[in-house]
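*Asks:* Build me a model:
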Amino acid sequence: MLTNRRLKKLHYLLLLFYLLACQANEQPTVESTPPNIVLIFADDLGYGDLSCFGQENYQTPYLDQMAKEGIKLTNFYVSQPVCSASRASLLTGCYANRVGVSGAFFPTDSVGLHPQEITLAELVKQKNYSTAMFGKWHLGHLPQFLPTNQGFDQYFGVPYSNDMWAKHPNNANFQFDDLPIVEGTETVRYLSDNQDSLTTWYTQKAVDFINTNHEEPFFLYVAHSMPHVPLYVSDKFRGKSGAGLYGDVIQEIDWSTGQIMEALEKQGIAENTLVIFTSDNGPWLSYGTHSGVTGPLREGKGTVFEGGIRVPFIAKWPAKIPAGSVQDLPACTIDLLPTIAKWVDADLPEKKIDGKDVSSILLAEKNASNPQDAYYFYYKRNELEAVLSGDGRWKLYFPHTYRSLEGREGRSDGLPIPYNYQTKIDLALFDLKNDISETKNIVDEYPDKMLLLEQLADSVKIALGDDLDGIEGNENRPLGRLNYNDTNQP
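*Replies:* Residues are numbered from 1 along each chain as shown. Next up, the predicted model:
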């Protein structure tokens, strides 16, 4: 016969076994499961090109809804205002000149992002993510430089800009008969087959990838070729915006984002999926109505003024990001890799990177702050042209020449007007908090701010160099070249 003491002990043991069994059968929660990641990257999209960033001539309802359900960063930056350099920073967490990338690669170039640099795709591979990239790569078109050799399981798209062929609106510099569209490392069609379908093709591939890979964590990188000139839009959006071809193109990109969101919802994974939408640089202003707008910002693509490097940014992650958040602290593409590494619990690359964890900013935490002392904006081969304080308020320009339309309006037929490439700026300091348009040089009024930013810049020049001062950096790593295995180890 069991005594009361033995009965109590038996009940205790049975309860313990029950709790252990429940724990063993418990399904992972959203909080304990690493997020899926969708990164949507537009090309030459201006700060003022979305209705949730002030555009009034047409609407972007899907992106507006994404902003309402997530966070909008009003001071988000790219590292350089040009295609290849900007993309190198996005994927490596490094200033582009650290990894040897400058400007925009051409189909005649035998260079690319060095295969030994660690990309976002390779980072999440540590955690067995499925990975895919659809769209414009522009980090090397030779097989050893393509996405499938940089951590992506799948790739479909144009290896460089869609303008680099004979049908470019201003084709004097481009004599290539056609551009290949690549799947994996093989050419599967050519751009002239149906260039109006670029955005649709990328979208279909993205939705198919989500539908196929929704049961395990994945990273999806959709890099639109649009709205980079020449502009292409499908029949379903041609003439629909009421704001010309450019408006039609943006509305198709908006639709594409909506299709991706819908696929996530259908598969029941939207709650724990981080979706980011941003752009590689500001608009190519010389193309007039075929380019975007910068809102209140000065200049555009090809300059380190705000219109060239400040871009729209929206992120949605229902499990973590409070809906309807707006954040005016600065952040940059270089910060995305270390932030995502934290969220997926991945190790950072062994080689030095420049980005820092900005999760408190993206999660709209109450006491969020930017961990960077400053952001440094290089252009051309290796010119340090400006530095921005870590709080995003003070921006110092070093004397240099830049390209400008100097107030002239562009054409409406898709052809560019010429820049003045010898426009000059002397040493200049702007208070972006009170002068977002960079109209009043206050360098003489705040010598302490100028001195602080100059000192920060001097430390970076030692590491990364500065062609304006004739300084060679001691931390720059080599670009990938055709014979990189023999002579170009980073």
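
*Asks:* which residues of the stretch 51-200 of the chain fall in strands?
*Replies:* 71-77, 111-112, 130-135, 154-157, 180-183, 186-190 (DSSP state E, counting those that start in this stretch).

*Asks:* Make a markdown table out of these and add mean neighbour count, distance to Phe41 and mean pLDDT.
*Replies:* Glycine gets a C-beta too; all of them are placed from N, C-alpha and C. Below are the strands of the stretch 51-200 of the chain laid out as a markdown table (neighbours: other Cβ atoms under 10 Å; distance: least, Cβ to Cβ, whole Å; pLDDT from 0 to 100):
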| stretch | mean neighbour count | distance to Phe41 | mean pLDDT |
| --- | --- | --- | --- |
| strand 71-77 | 23 | 12 | 98 |
| strand 111-112 | 26 | 18 | 96 |
| strand 130-135 | 26 | 8 | 98 |
| strand 154-157 | 22 | 11 | 98 |
| strand 180-183 | 19 | 18 | 94 |
| strand 186-190 | 12 | 22 | 93 |
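
*Asks:* so can I have JSON lines of these showing distance to Val124?
*Replies:* Listed next are these as JSON lines, based on distance: least, Cβ to Cβ, whole Å:
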{"stretch": "strand 71-77", "distance to Val124": "21"}
{"stretch": "strand 111-112", "distance to Val124": "21"}
{"stretch": "strand 130-135", "distance to Val124": "7"}
{"stretch": "strand 154-157", "distance to Val124": "14"}
{"stretch": "strand 180-183", "distance to Val124": "22"}
{"stretch": "strand 186-190", "distance to Val124": "25"}
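
*Asks:* Looking at these, which is nearest to Gly292?
*Replies:* strand 71-77 (15.7 Å; Cβ to Cβ).

*Asks:* Which elements pack onto the closest one?
*Replies:* Using 3 or more Cβ pairs under 8 Å, 6 or more residues apart in numbering; DSSP states H and E as the contact test, the elements touching strand 71-77 are strand 310-316, strand 325-327, strand 331-332, helix 359-362.

*Asks:* Let me see the residues that make contact with the longest one.
*Replies:* This points to strand 310-316. Strand 310-316 is contacted by residues 45-47, 49-50, 52-53, 63, 66-67, 69-73, 75-78, 274-282, 297, 321, 331, 362 when judged by Cβ atoms under 8 Å, 6 or more residues apart in numbering.

*Asks:* part of a helix, is Ser256?
*Replies:* Yes. Per DSSP: H, G, I helix; E, B strand; the rest coil, Ser256 lies within a helix segment.

*Asks:* quick one, what contacts the residue lying closest to it once chain neighbours are set aside?
*Replies:* Excluding its sequence neighbours, the residue lying closest to Ser256 (Cβ to Cβ, 6 or more residues apart in numbering) is Thr203, at 4.2 Å. Contacts for Thr203 were tallied using Cβ under 8 Å, 6+ apart; they are Val222, Trp255, Ser256, Gln259, Ile260.

*Asks:* re earlier: which stretch among the strands of the stretch 51-200 of the chain comes nearest Phe305?
*Replies:* strand 71-77 (11.8 Å).

*Asks:* where along the stretch 351-490 of the chain do the strands fall?
*Replies:* 374-379, 383-389, 394-397, 400-404, 420-425, 428-431, 480-481.

*Asks:* quick one: which of these is nearest Lys352?
*Replies:* Of all those, strand 374-379 comes closest under Cβ to Cβ, at 14.4 Å.

*Asks:* bridging residues for Arg310?
*Replies:* Tyr77 (DSSP bridges).

*Asks:* Distance of it relative to Val387?
*Replies:* 15 Å (Cβ to Cβ, to the nearest Å).

*Asks:* same thing with Lys356?
*Replies:* Counting by Cβ to Cβ, the gap from Lys356 to Val387 is 16 Å.

*Asks:* just Asp163 next, same as before
*Replies:* Distance from Asp163 to Val387, by Cβ to Cβ: 31 Å.

*Asks:* Can you give me every residue that contacts the nearest residue to Phe145 once chain neighbours are set aside?
*Replies:* Among residues not flanking Phe145 along the chain, Gly112 sits closest, at 2.8 Å (Cβ to Cβ, 6+ apart). Neighbour list for Gly112: Phe105, Leu139, Gly140, His141, Leu142, Gln144, Phe145, Leu479, Gly480 [criterion: Cβ under 8 Å, 6+ apart].

*Asks:* Just the closest of those to Glu409, please.
*Replies:* Phe105 (30.8 Å).

*Asks:* In terms of pLDDT, where does the closest residue to that closest one other than its chain neighbours sit?
*Replies:* Closest residue to Phe105 apart from its sequence neighbours, by Cβ to Cβ, 6+ apart: Ser84 at 4.8 Å. Ser84 is assigned 98 on the pLDDT scale.

*Asks:* residue contacts, Tyr202?
*Replies:* Tyr202 neighbours (Cβ under 8 Å, 6+ apart): Phe134, Gly135, Phe156, Gly157, Val222, His224, Ser225, Ser256.

*Asks:* now Ile334
*Replies:* Ser79, Ser89, Leu90, Gly93, Cys94, Tyr95, Ile353, Asp354, Gly355.

*Asks:* still on that earlier bit, which among the strands of the stretch 351-490 of the chain is found nearest to Asp467?
*Replies:* Of those, nearest to Asp467 by Cβ to Cβ is strand 383-389, at 4.8 Å.

*Asks:* Tell me the strands beside that closest one, with direction?
*Replies:* strand 374-379 (antiparallel), strand 394-397 (antiparallel).

*Asks:* then that strand to PDB, C-alphas only?
*Replies:* Provided in PDB are the C-alpha atoms of strand 383-389 (Å, rounded to 0.1, in the frame of the first residue of the first chain):
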ATOM      1  CA  GLU A 383      38.100  60.800 -52.800                       C
ATOM      2  CA  LEU A 384      36.800  61.500 -49.300                       C
ATOM      3  CA  GLU A 385      34.400  64.300 -50.200                       C
ATOM      4  CA  ALA A 386      32.200  64.600 -47.000                       C
ATOM      5  CA  VAL A 387      31.800  63.400 -43.500                       C
ATOM      6  CA  LEU A 388      28.500  63.200 -41.500                       C
ATOM      7  CA  SER A 389      28.400  63.300 -37.700                       C
END
